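[1] Please find the sequence and the predicted model below.
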Amino acid sequence: MLANPVGNRTKVRAPELRGRRWLNTGGTELSLAELRGKIVLLDFWTFCCVNCLHVLDELRELEKRYADVLVTVGVHSPKFVHEADPDAVEAAVERYGVHHPVLDDPELTTWDAYAARAWPTLVVVDPNGYVVAQMAGEGHAHGLSVLVEELIAEHAAAGTLHRGDGPYVPPPAPDTALRFPGKVISLPSGTFLASDTAHHQLVELEADLVAKRRRIGSGERGLVDGTVARFAEPQGLVLLPAPVAEHVGYDVVVADSVNHALRGVRLADGAVSTLAGTGEQLRTRVDVGDGAAELSTPWDVAWWDDRVVVAMAGNHQLWSFDPLTGATAVLAGTTNEGLRDGAPGEAFFAQPSGLAVSPDGTLWVADSETSAVRAVAAAPAVGADVATAVGQGLFDFGFRDGPAEEALLQHPLAVAVLPDGSVAVADTYNGAVRRYDPATRTVGTLARDLREPSDVLVDGDDLIVVESAAHRLVRVPIPASTRVDGAAHRVRRARTDLAPGELALRIGFTPPTGQHLDRRFGDPTSLTVAASPPELLAEGAGTSPGLERTLRFAPDGPAEGVLQVSVAAAACDEGDGVFAACHRYQQDWGIPVRLTAGAPDELALDLRAV
């Protein structure tokens, strides 16, 4: 049977589920006592987190297969201030097709009760109400299936398994022309093409941004080509240069996010083709210059340097796609989530979600999880270089204008280049459009009181803003920026007390049944450690193989900070030798720590694949 969160076989009674309110239950409050007899899967998530969105998609098949014995409960535990807004949580549950009960936990009450440290965290509670497994990260579907089968057999034999419908009650179906639109581009005809994301379609709109000329896609979730195509939450769009489009036979490239694919659209008849991606999520590390058949949650696309550049939010990288050859390659990013500048092979991104290109060739990136705007400058002699224009890291955000090094954003999803060369930013969770001026390195505010703006497009003297949570596109005149001196925030979580001096860091990882760590070609694990501020650590930062490391806190450093830990492990299927399929498990933790004499001198984290 599976280990519990503390790594031994002692059963622990599951803490009660407490929060602000329940969603998807028809107004009924749930308790673990009422769920006795069911296998309960708690999914601690937050809607900004792309890894959490991956888990939602991974769980769909499990929920369907074990519908009569398994009850999934989402515990929404916010990272950003905006994610604690009750209307935003309710919208996110609908936006991402969450078809199970959700506990809204804005004060992190249940999060703390289960000692969760990372988004996402999964906890399995058996039919008797005991915790039998806890794991962090994504990619656990196989292991969960094995565990559920074991629990079914055990509790069916004991007479403690109750079959039947779960407590999920679907909310009323919404009825709006657009549903959580994502991105928009202008077409040569004077119309606009928008991704109608929650309707799984593209829609061509007239200049008034309301009247529909046509829809592309059937509206059903799926991966189907042709003139009655299917998409799955399409996002970014880019119009190819006319000579390229004529050569390849399609005009628009679409980032089809949940299909993990790039799709091509021929505007003449609306025919759709799949250009890259297999429909499966990429789960292996791909380095700069390499490509792969699979993609990982492409969120936006832009034309840059005679190719399509892809914001690959799912694995924190920028990729390229060549329409003429069909080849994909990694442009920048290591798959580690964070804010680190430098050469493409060394830079860290965190869910890049928006792209724009300046006339001088600079590629601007909305790096959402670091609440940052990044710039990639092409330098042919030495290669591209990644720099941060605005943003301070994974755990710092807010609403503040002024000098770029002090300015703060909150989870931006898009950028656009204004006529004067400055950059408009869809500052999504602040409900604002901001402006970054590279000449003065300052940040101002162009518009406020918008509902989750997810894209901005320059159209003459106006900005067209995709107001995603209001299900519409609106025009906003481009004004002179106005200054906002708002609050600064850090991610709000309980601090972990640790002893000064040396710290033993250990990551627990158990390959799921039927898989093993294959060490024939070297250590299949990788551990990356960093700190914010960097002065917190004197030794132990960096990347190297292994799941254990000794760190040393700087004796003259700060007494508080955030320890950033990223781990990856590859486990291969048994029985097929060198040809066995391998699976990548990865998770990032950002752990607020406080150095206190007498506190523990070891930190154990679980990447448990069950």
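    Yep, it's here.

[2] Pretty sure residue 350 sits against residue 339.
    Yes. Counting by CB atoms under 8 Å, residue 350 does reach residue 339; the two are 6.6 Å apart. Heads up, the C-betas are built off the backbone N, CA and C, glycines and all.

[3] Now the common contact residues for the two.
    367, 370, 372, 394 (CB atoms under 8 Å, 6 or more residues apart in numbering).

[4] Next, work out how far apart the second one and residue 39 are.
    By that I understand residue 370. 37 Å (CB to CB, to the nearest Å).

[5] what about these two, which has more around it?
    Ranked by neighbour count (other CB atoms under 10 Å), residue 370 and residue 39 place residue 370 first, with 29 against 22.

[6] Tell me how far the more buried one lies from residue 397.
    9 Å.

[7] With residue 559 instead?
    Residue 559 is 23 Å from residue 397, where distance means CB to CB.

[8] ok, the two, which is more surrounded?
    Each of residue 559 and residue 397 has its neighbours counted (other CB under 10 Å); residue 397 has more, 30 against 11.

[9] Now the more buried one: closest residue in space that isn't a chain neighbour?
    Using CB to CB, 6 or more residues apart in numbering and skipping the chain neighbours, the partner closest in space to residue 397 is residue 371 (4.0 Å).

[10] tell me how far the ends of stretch 169-177 are from each other?
    Length of stretch 169-177, first residue to last, CA to CA, to the nearest Å: 24 Å.

[11] What residues sit buried inside that stretch?
    By 16 or more other CB atoms under 10 Å, stretch 169-177 has no buried positions at all.

[12] can you list contacts of it?
    Where contact means CB under 8 Å, 6+ apart, the residues beyond stretch 169-177 that reach it are 23-26, 28, 94, 99, 210, 212, 471.

[13] Work out for me the element residue 589 sits within.
    Using DSSP states H and E, residue 589 falls within strand 582-595.

[14] And residue 150, by the same measure?
    Following DSSP H and E, the helix or strand that holds residue 150 is helix 141-158.

[15] Now that helix: buried residues?
    Neighbour counts over helix 141-158 (16+ other CB under 10 Å) mark 141-148, 150-152, 155 as buried.

[16] what's the answer for stretch 116-130, then?
    Going by neighbour count (16+ other CB under 10 Å), the buried part of stretch 116-130 is 116-127, 129.

[17] Test my guess that residue 454 contacts residue 182.
    Yes. If you go by CB under 8 Å, residue 454 and residue 182 touch, sitting 5.5 Å apart.

[18] okay, and the common contacts of those two?
    466, 468.

[19] Which one's more surrounded, those two?
    Using other CB under 10 Å as the criterion, residue 454 and residue 182 rank with residue 454 on top: 29 against 26.

[20] would you say the more buried one is within a helix?
    No. Applying DSSP: H, G, I helix; E, B strand; the rest coil, one finds residue 454 to be strand, outside a helix.

[21] Send me the helix holding residue 150 as PDB with only the CA atoms.
    C-alpha atoms of helix 141-158 as PDB (Å, rounded to 0.1, in the frame of the first residue of the first chain):
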ATOM      1  CA  ALA A 141      -2.500   9.500 -13.500                       C
ATOM      2  CA  HIS A 142      -1.000   6.000 -14.000                       C
ATOM      3  CA  GLY A 143       0.000   5.700 -10.300                       C
ATOM      4  CA  LEU A 144      -3.300   7.000  -9.100                       C
ATOM      5  CA  SER A 145      -5.100   4.400 -11.300                       C
ATOM      6  CA  VAL A 146      -3.000   1.600  -9.700                       C
ATOM      7  CA  LEU A 147      -3.700   2.900  -6.200                       C
ATOM      8  CA  VAL A 148      -7.500   3.300  -6.900                       C
ATOM      9  CA  GLU A 149      -7.600  -0.300  -8.100                       C
ATOM     10  CA  GLU A 150      -5.800  -1.500  -5.000                       C
ATOM     11  CA  LEU A 151      -8.200   0.500  -2.700                       C
ATOM     12  CA  ILE A 152     -11.200  -0.900  -4.600                       C
ATOM     13  CA  ALA A 153     -10.100  -4.500  -4.100                       C
ATOM     14  CA  GLU A 154      -9.200  -4.000  -0.400                       C
ATOM     15  CA  HIS A 155     -12.400  -2.100   0.600                       C
ATOM     16  CA  ALA A 156     -14.800  -4.100  -1.600                       C
ATOM     17  CA  ALA A 157     -13.500  -7.300   0.200                       C
ATOM     18  CA  ALA A 158     -13.900  -5.500   3.600                       C
END
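
[22] to the chain's geometric centre, what's the distance from it?
    How far helix 141-158 lies from its chain's middle: 29 Å, per CA atoms, centre = their mean, to the nearest Å.

[23] Check stretch 169-179 too.
    For stretch 169-179 - counting by CA atoms, centre = their mean - the centre lies 24 Å from the chain centre.

[24] before we move on, what about stretch 230-238?
    Centre to centre, stretch against its chain (CA atoms, centre = their mean), the figure for stretch 230-238 is 16 Å.

[25] Show the end-to-end separation of it, please.
    19 Å.

[26] Where does pLDDT dip in the chain?
    1-10, 379-384, 490-493, 521, 575-582, 608-610 (pLDDT under 70).

[27] Where do the helices of it begin and end?
    Assigned by DSSP state H, the helices in the chain fall at 50-65, 86-95, 109-113, 141-158, 242-248.

[28] Give me the contacts around the third one.
    With CB under 8 Å, 6+ apart as the contact definition, helix 109-113 has outside contacts at 15-19, 44, 75, 77, 103, 105, 493-494.

[29] now do the same end-to-end measure for stretch 426-445.
    Rule used - CA to CA; the end-to-end distance of stretch 426-445 is 10 Å.

[30] Quick check: buried residues in it?
    With burial defined by 16+ other CB under 10 Å, the residues of stretch 426-445 counted as buried are 426-438, 442-445.

[31] Repeat that for stretch 282-292.
    For stretch 282-292, the neighbour count (16+ other CB under 10 Å) marks 282-283, 285-286, 288, 291-292 as buried.

[32] Show me the two of these that sit farthest apart.
    Using CB to CB, those span at most 18.5 Å, a distance reached by 283 and 288.

[33] which of the buried residues of helix 141-158 lies closest to residue 226?
    Set against residue 226, the nearest of the buried residues of helix 141-158 by CB to CB is residue 141 (29.4 Å).

[34] Disregarding flanking residues, what is the spatial nearest neighbour of that closest one?
    Nearest non-adjacent residue to residue 141 (CB to CB, 6+ apart): residue 58, at 4.5 Å.

[35] what residues are up against the one you found?
    Applying CB under 8 Å, 6+ apart, we find residue 58 in contact with 138-141.

[36] With distance to residue 507 added, can I get those residues in TSV?
    Formatted as TSV, the contacts of residue 58 follow (distance: CB to CB, whole Å):
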residue	distance to residue 507
138	16
139	15
140	15
141	21
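
[37] For residue 361, state which of those is nearest.
    Lowest distance from residue 361 to those (CB to CB) belongs to residue 138, with 35.2 Å.

[38] can you pull the contacts of that closest one?
    Contacts of residue 138 (CB under 8 Å, 6+ apart): 51, 54-55, 58, 120, 586-587.

[39] Just put the residues you listed in CSV and tack on distance to residue 481.
    Output for the contacts of residue 138, formatted as CSV (distance: CB to CB, whole Å):
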residue, distance to residue 481
51, 34
54, 36
55, 39
58, 42
120, 37
586, 39
587, 39
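
[40] about what we covered before: and the residue nearest to residue 397, how close does it get to residue 48?
    10 Å.

[41] Those two - which one has more neighbours?
    More crowded of residue 371 and residue 48, by other CB under 10 Å: residue 371, with 30 against 23.

[42] check contacts around the more buried one.
    Residues near residue 371 by CB under 8 Å, 6+ apart: 391-392, 396-397, 408-412.

[43] now residue 198
    By CB under 8 Å, 6+ apart, the residues touching residue 198 are 94-95, 97, 179-180, 233.

[44] now swap in residue 327 and tell me
    Residue 327 neighbours (CB under 8 Å, 6+ apart): 291, 321.
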